[in-house]
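Student: no letters, just coordinates:
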């Protein structure tokens with residue numbers, strides 16, 4: 001049969017788009033909140049906090065019930081960027097990124113941002129970065145804005161924008177700076193596919209006011225809730241901006257948290273407390289929210305029981321973009337792209353979690369750690385019940401065998417280690433401390449050495465509000481058995497200890513404190529004079545013979561101590577009662593108002 005030339009032209013014209021027009025690739029935005037566990041998100045059952053915009057993302061998208069990050073910021077973020085477990089990359093602790101550390105180096109990896117660039121994506125990053133190491137540009141981000149801290153960066157004015165210093169006016173609120181940069185990136189790249197990593201500082205400590213906080217608010221729990229509300233508000237504004245730009249339908253937005261809730265801030269989920277918090281190898285240390293929303297693609301309002309690891313976004317984004325790392329380069333992620341499309345996919349059988357020299361592998365019913373201890377996880381995240389081998393059921397015995405085989409195959413002990421990083425051994429670096437760590441803190445809060453107040457060689461003023469319900473316990477301490485300070489109750493009497501080179505000097509009140517609400521202040525001046533005040537009245541004084549010359553390696557603890565005791569007590573010496581509004585002032589003139 002003959003086909004006329006005119007008809008042939010029509011057929012070619014009609015079919016031409018099917019062969020030559022490339023389907024537009026979706027935009028991808030990964031939003032990462034800081035120190036936000038499931039107990040801070042109301043759609044996960046949080047009783048104390050309301051997050052309407054996060055909830056809306058879940059109601060119109062796909063919420064994964066069980067997602068595991070690492071228990072601390074740095075290892076989680078390294079896992080996201082590389083898609084590889086910590087023992088492969090060296091991103092093991094928060095300090096692994098240091099110059100002499102084993103942390104991941106961009107030249108040795110195939111970072112997700114570089115893969116997305118290969119697929120034609122514009123790439124951008126905004127917010128927290130430092131604990132990954134190098135700069136975002138080294139890891140494949142075309143544009144970025146970040147700062148020089150690992151923790152909260154709020155009422156600050158200096159930023160690193162695309163490798164150059166950006167100074168902003170006093171009164172600038174950091175999360176708004178990050179949001180503004182993000183929106184500007186979206187507007188300039190709205191006509192081409194983009195990959196954007198939005199690393200919020202909220203809700204990492206220090207817990208400060210937000211622009212929405214009512215003037216005069218000082219109560220720490222109210223300030224913390226304000227921080228959660230502002231974080232949620234910013235997510236809502238991001239979604240609104242995508243709608244305004246006409247990008248919402250073709251943009252995958254994922255929201256998650258980098259580790260569990262920080263010590264001192266856990267709250268109930270459906271009336272029960274999650275077991276553990278940030279920094280622990282318990283469920284609450286690494287279990288985080290994970291919500292995916294892609295209009296018209298992700299199932300609407302579905303809750304998935306599939307296990308997700310922080311290694312999985314790497315594999316997922318690569319599949320969506322149509323790009324892969326070299327075939328001989330070992331990665332650990334499982335793509336959840338099929339689940340995002342409403343398909344069954346190939347769900348994980350287990351998740352692997354590591355922090356320093358500790359790790360575990362977790363399947364839906366059981367968990368096995370590096371020591372060979374097996375736990376019944378049927379009531380997780382609230383209870384982790386240890387199972388002795390002699391008490392094995394057929395089910396637990398089979399799980400022990402399965403998970404042992406997994407760990408033997410992974411062989412984390414044969415990978416990279418970090419003896420000199422946070423929690424490491426003899427080669428650990430001397431901590432420098434943080435000049436911006438001043439408080440306020442409350443019972444249960446803890447900062448590792450490098451994030452604790454920078455007190456080495458400086459006069460000190462430590463203040464706290466306490467409501468004792470017993471006669472013993474640490475109010476606040478920083479350091480350990482070699483150097484540091486501590487305020488604590490002993491036999492009901494308030495005491496203040498300073499250690500220098502292992503030598504302990506203690507001043508103590510003569511009378512027991514009793515019950516009630518008390519404002520406590522301890523000072524150490526340049527000459528070593530020590531003073532202890534209660535409600536403005538001096539109750540003890542003495543002489544330490546000088547300042548704490550070197551920054552303690554041990555961290556800051558509120559309401560208990562770490563491994564080493566600074567004062568005359570046995571660790572952990574928990575405080576019976578409540579400690580709030582702890583602040584540490586280092587440097588300048590302190591201790592002048594000794595009262596009467």
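Tutor: Happy to help now that I have it. Just so it is clear, the structure is predicted and the values come from calculations on it, not from any experiment. Numbering: from 1, shown residues only.

Student: check which element follows the longest helix along the chain along the chain.
Tutor: Longest helix in the chain by number of residues (criterion: DSSP state H): helix 220-244. Downstream of helix 220-244, the next assigned helix or strand under DSSP states H and E is strand 251-257.

Student: so how far is that next one from its chain's centroid?
Tutor: 16 Å (C-alpha atoms, centre = their mean, to the nearest Å).

Student: also stretch 553-567?
Tutor: 21 Å.

Student: how far does it stretch from start to finish?
Tutor: 16 Å (C-alpha to C-alpha, to the nearest Å).

Student: the nearest residue to residue 326 once chain neighbours are set aside sits in which helix or strand?
Tutor: Nearest residue to residue 326 in three dimensions, chain neighbours excluded: residue 110, at 7.0 Å (C-beta to C-beta, 6 or more residues apart in numbering). C-beta here means a position set from N, CA and C on the backbone, and glycine is covered the same way. For residue 110, there is no enclosing helix or strand under DSSP H and E.

Student: residue 110 touches residue 323, doesn't it?
Tutor: No: contact criterion C-beta atoms under 8 Å: residue 110 and residue 323 do not qualify, at 9.9 Å.

Student: from residue 176, how far off is residue 438?
Tutor: 22 Å (C-beta to C-beta, to the nearest Å).

Student: ok so, going back, how many neighbours does the residue nearest to residue 326 have?
Tutor: 21 (other C-beta atoms under 10 Å).

Student: likewise residue 453?
Tutor: Counted with other C-beta under 10 Å, residue 453 comes out at 26.

Student: doesn't residue 441 make contact with it?
Tutor: No: between residue 453 and residue 441 there is no contact under C-beta under 8 Å: 10.1 Å.

Student: any shared contact partners between these two?
Tutor: Counting by C-beta atoms under 8 Å, 6 or more residues apart in numbering, the common neighbours of residue 453 and residue 441 are residue 556.

Student: where do the strands sit along the stretch 151-300 of the chain?
Tutor: Remark: strands assigned in the stretch 151-300 of the chain by DSSP state E, counting those that start in this stretch are 158-161, 164-167, 194-199, 251-257, 287-293.

Student: of all these, which lies closest to residue 368?
Tutor: strand 287-293 (16.7 Å; C-beta to C-beta).

Student: partners of that closest one, with directions?
Tutor: Partners of strand 287-293 in the sheet, by DSSP bridges, are strand 62-68 (antiparallel), strand 251-257 (antiparallel).

Student: what's the average pLDDT for the first one?
Tutor: In other words, strand 62-68. Strand 62-68 comes out with an average pLDDT of 98.

Student: who are the packing partners of the next helix or strand after it?
Tutor: Downstream of strand 62-68, the next assigned helix or strand under DSSP H and E is helix 73-82. Packing partners of helix 73-82 (3 or more C-beta pairs under 8 Å, 6 or more residues apart in numbering; DSSP states H and E): strand 27-33, helix 86-89, helix 112-118, helix 312-321.

Student: distance between the ends of stretch 76-96?
Tutor: End to end - C-alpha to C-alpha - stretch 76-96 spans 12 Å.

Student: where exactly do the helices run in the stretch 301-450 of the chain?
Tutor: Taking DSSP state H, counting those that start in this stretch as the criterion, the stretch 301-450 of the chain carries its helices at 312-321, 337-340, 394-410.

Student: got the buried residues for the shortest one?
Tutor: Translated: helix 337-340. 337, 339, 340 (16 or more other C-beta atoms under 10 Å).

Student: okay, those in CSV with pLDDT and distance to residue 539 next?
Tutor: CSV is the format used below for the buried residues of helix 337-340 (pLDDT from 0 to 100; distance: C-beta to C-beta, whole Å):
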residue, pLDDT, distance to residue 539
337, 98, 64
339, 98, 62
340, 98, 62
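
Student: between those, which is nearest residue 346?
Tutor: Distances from residue 346 to the buried residues of helix 337-340, taken by C-beta to C-beta, are shortest for residue 339, at 9.4 Å.

Student: residues in contact with the closest one?
Tutor: Counted by C-beta under 8 Å, 6+ apart, residue 339 has contacts 62, 304, 306, 345, 347.

Student: quick check on those residues: which are buried?
Tutor: Buried among those by 16+ other C-beta under 10 Å: 62, 304, 306, 345.

Student: among those residues, which lie within strands?
Tutor: 62, 304, 306 (DSSP state E).

Student: in space, what's closest to the last one - neighbours in sequence excluded?
Tutor: It stands for residue 306. residue 347 (4.0 Å).

Student: got a list of contacts for the strand or helix carrying residue 489?
Tutor: Element membership for residue 489 (DSSP H and E) is strand 484-490. The contact list for strand 484-490 (C-beta under 8 Å, 6+ apart) reads 455, 460, 462, 464, 468, 470-479, 494-499, 508, 513, 520, 522, 524, 532, 548, 552, 554, 561, 565-569, 573, 575.

Student: noted, bye for now.
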